[in-house]
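Visitor: Give me coordinates for this.
(chains A and B)
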There are 2 protein chains.
Amino acid sequence: MSEKNPAAEPPRLPLTGLRVVELGHYIAAPFATRLLADLGAEVIKVEPPEGDPVRGWGSAVDGNAVWFSVHGRNKLSVTLNLKDAADKAKLKRLVGTADALVENFRPGQLERYGLGPAELHAVNPRLVIARISGYGQDGPYRDKPAFGAIGEAMGGLRHLTANPGQSEHPPPRCGVSISDDLAGMYAAMGLVAACWQVKGDPAARGRIIDVDLVSSVFSLMEGMLPEYGLFGWVRQPQGAAIKTAAPTNTYPCADGKWLCIAGNSDLIFRRMMAAIGRPEFATDPRFASNALRCENVAELDAAIAAWTRTQTGAEAEAILEAAEVPCSRLYDMRDCAEDPHFRARDLVMQVEDPLLGTVLHPAAPFRFDGVAPRDMVRWTGPAAGAHNDQVFPKEDAP
Amino acid sequence: MSEKNPAAEPPRLPLTGLRVVELGHYIAAPFATRLLADLGAEVIKVEPPEGDPVRGWGSAVDGNAVWFSVHGRNKLSVTLNLKDAADKAKLKRLVGTADALVENFRPGQLERYGLGPAELHAVNPRLVIARISGYGQDGPYRDKPAFGAIGEAMGGLRHLTANPGQSEHPPPRCGVSISDDLAGMYAAMGLVAACWQVKGDPAARGRIIDVDLVSSVFSLMEGMLPEYGLFGWVRQPQGAAIKTAAPTNTYPCADGKWLCIAGNSDLIFRRMMAAIGRPEFATDPRFASNALRCENVAELDAAIAAWTRTQTGAEAEAILEAAEVPCSRLYDMRDCAEDPHFRARDLVMQVEDPLLGTVLHPAAPFRFDGVAPRDMVRWTGPAAGAHNDQVFPKEDAP
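Guide: As a prediction, this is how the structure comes out:
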């Protein structure tokens, strides 16, 4: 990052010195702690002896899951059997040295292990505990099985991710584990906020934070809830268009790519129609304002699509960019990995992974003055138990 | 929340005492500060005299946007003209009393106002500054116009939100301003982390945080980047299904509702096929394992859809729930607002808004022991400038 705060102290990640224990598996809790680890926290991931099941997901090299290189980066991994009394005692000693803990067991499971908040606070009264679950730690659905798509479906998002009136195809998944990701982000945010409260106050006590997948998705529903309450309106899917702006849509290109265009301001609209060889639209009174364009959007979208179909995605993008029309191809992973901006910003970085060889890692999603993105990837996801000896020195063995 | 930490101090929001100035508009920065305000921070939203343009978006009562009741809640609003020397001086005095500032102007705009990080740190060397932009504060795309869908498209998400091979319809929008939301969440998280670093260290200096829409979306791409780097694989959209699990899909119901079902474990699969009156599938060797079911998924999905089409969404859900099969209708806003779990958890709350009357508000997406969800909604989005006199007492007037 080019921007420097001249008064800054030597480069240091903001959470350096914060110690966090992860009792996590799959996505939500490990994503929360990965963000904390990117921010500089010392994260100790506690796994069962056979490792987090996520280590078996997706493509792998010599049995090492590729995703885990990113998902487990900047963390220490230790293995413990939470049903074993000696290992439980080890965990409690570790918790005694920590500032915070993140867990995403089913509600009640940690208590059944004898490791609920009461037991953890008995060991460390200042501990901040962030709990992630499908539906939350109370309420009638607390014990229902949670699965990846539940937050997306029940939180209101999947209903909206659809083309209107298109009944032959189900609304697609978001494409990533969005509800787990959002819950992980909120857990990390709540955890750091509680640590801010505890820090520097000798009388402060730890906190318990309850984050769930459904609420996390539901938090993104903009003004839809008060709108329903006041008017009884239920927001319906709008596909790739926006009803109140035209032309704003996604158009097919000759090479199968899609191009997202936001050309709804009057000036941009006129530049755009000239650039695609349809200047007559710019002077046609039926398209003179955004409101009129919304009324006649079908004809307008058809004309734009007729042009995009004659161009590859990259060609159409270049022509519209030269005319200063906001647009973007729908990037796939190749587009992202090869994009000059992504490379210039070190948003895509080559990293050496001892388990996988040379791999590409995404940058942390936040940059801090004086800290290069590369300095935020300290190491790649380690093997399960790689740090047992470091975290539990031999004299601590049973 | 039922869980209590017996050692807890009196109920207090975690960020009580943190003072944050918002120079934000539209979605990303105001969403960041709304989350901080929900957490108890004192957020002072600085608006132009005519108000944040988002106040004119969507449905309204007497000119007051319904969304703003939520988007602006728990904040103080003051109006300043950032081109005016006297107002600039007022802002600087305010910044001198703050811990942090969030802004989402186009890169360079704050500097053109003479209010860049150098000027702000001259006033307050400990200030944490979070900056949100479309593409980041540097790199070749820094000055390109950003628009709502750009992060979703360029960050790799929109490519995935699609049905495979379905070329007649464009991939739909996520349905909400997902890239703004994610960037706001990361800005809030980075800001609190930097405040944690500064707190209690008299020698600490403020930080500058750079968050952008594209990186924020790109951070959710799981293992896709290292997978592309190692194998050249480019993840393609999978619609509502998951290639490696069956049956896991979204099925149409008689009332036009969609039902998301995750029935891919052997035991759940057998319970499910019995519950829908197709027990012969449970004993058919072609469907005996998840791997075999993935091979023969078309026949399986057709049988399940033939059954869901005979039921309303609520009926099908009830039958499958009784058989302990994880499932959920795709909730629309009515489903959310009327759901007993949402009501029991105060995830949906009736709130009095002086500008709108009785409105429904969503809970904050994190809960803290000893703090009721209702205590986290202290007031609704205020009128522009409602707190001018409180924040800038009369003797401060020019």
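Visitor: And the next helix or strand past the helix or strand where residue A:314 lies?
Guide: For residue A:314, the enclosing helix or strand under DSSP states H and E is helix A:313-322. Moving toward the C-terminus from helix A:313-322, the next helix or strand (DSSP H and E) is strand A:327-329.
Visitor: does chain B sit close to the next helix or strand after that following strand?
Guide: Where DSSP H and E defines the elements, the next helix or strand beyond strand A:327-329 is helix A:333-338. Yes. Counting by C-beta under 8 Å from any C-beta of the partner chain, chain B is contacted by helix A:333-338 at A:333-337. All C-beta atoms are positioned from the backbone trio N, CA, C, and that covers glycine.
Visitor: cool, stretch A:111-124 as well?
Guide: Yes. Contact between stretch A:111-124 and chain B, assessed by C-beta under 8 Å from any C-beta, occurs at A:117-118, A:121.
Visitor: Flag every buried residue along the helix holding residue A:314.
Guide: For helix A:313-322, burial by neighbour count (16 or more other C-beta atoms under 10 Å in any protein chain shown) applies to A:313, A:315-317, A:319-320.
Visitor: now these as a markdown table including pLDDT and distance to residue B:341?
Guide: Shown next, in a markdown table, are the buried residues of helix A:313-322 (pLDDT from 0 to 100; distance: C-beta to C-beta, whole Å):
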| residue | pLDDT | distance to residue B:341 |
| --- | --- | --- |
| A:313 | 95 | 43 |
| A:315 | 97 | 50 |
| A:316 | 97 | 46 |
| A:317 | 95 | 45 |
| A:319 | 97 | 51 |
| A:320 | 96 | 46 |
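Visitor: Verify the stated contact: residue A:381 with residue A:73.
Guide: Yes. Using C-beta atoms under 8 Å, residue A:381 is in contact with residue A:73, at 5.3 Å.
Visitor: who has more neighbours, these two?
Guide: Taking other C-beta atoms under 10 Å in any protein chain shown, residue A:381 and residue A:73 do not tie; residue A:381 has more neighbours (29 against 22).
Visitor: So which elements touch the helix or strand in which residue A:271 is found?
Guide: Taking DSSP H and E as the criterion, residue A:271 maps to helix A:266-275. If contacts are counted by 3 or more C-beta pairs under 8 Å, 6 or more residues apart in numbering or on different chains; DSSP states H and E, helix A:266-275 sits against helix A:280-283, helix A:313-322.
Visitor: Put the alpha carbons of the shortest one into PDB.
Guide: Written as PDB, here are the backbone C-alpha positions of helix A:280-283 (Å, rounded to 0.1, in the frame of the first residue of the first chain):
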ATOM      1  CA  GLU A 280     -30.300   7.000 -32.300                       C
ATOM      2  CA  PHE A 281     -31.200   5.800 -28.800                       C
ATOM      3  CA  ALA A 282     -29.400   8.800 -27.200                       C
ATOM      4  CA  THR A 283     -31.800  11.200 -28.900                       C
END
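Visitor: What average pLDDT does that helix get?
Guide: The average pLDDT for helix A:280-283 rounds to 95.
Visitor: What's the first helix or strand after it?
Guide: As assigned by DSSP H and E, the chain's next helix or strand after helix A:280-283 is helix A:290-295.
Visitor: Now that following helix: buried residues?
Guide: Neighbour-count burial for helix A:290-295 flags A:290, A:293-294 (criterion: 16+ other C-beta under 10 Å).
Visitor: so what does whichever helix or strand comes after it touch, helix or strand wise?
Guide: Where DSSP H and E defines the elements, the next helix or strand beyond helix A:290-295 is helix A:297-308. Counting contacts by 3+ C-beta pairs under 8 Å, 6+ apart, helix A:297-308 is packed against strand A:248-252.
Visitor: For chain B, tell me whether the strand it packs on is touching it.
Guide: Yes. Counting by C-beta under 8 Å from any C-beta, chain B is contacted by strand A:248-252 at A:248-252.
Visitor: got the contact list for the closest residue to chain B within the stretch 201-350 of chain A?
Guide: Closest to chain B within the stretch 201-350 of chain A is residue A:223: 2.7 Å, counting by C-beta to the nearest C-beta. With contact taken as C-beta atoms under 8 Å, 6 or more residues apart in numbering or on different chains, residue A:223 is in contact with B:58-59, B:65-71.
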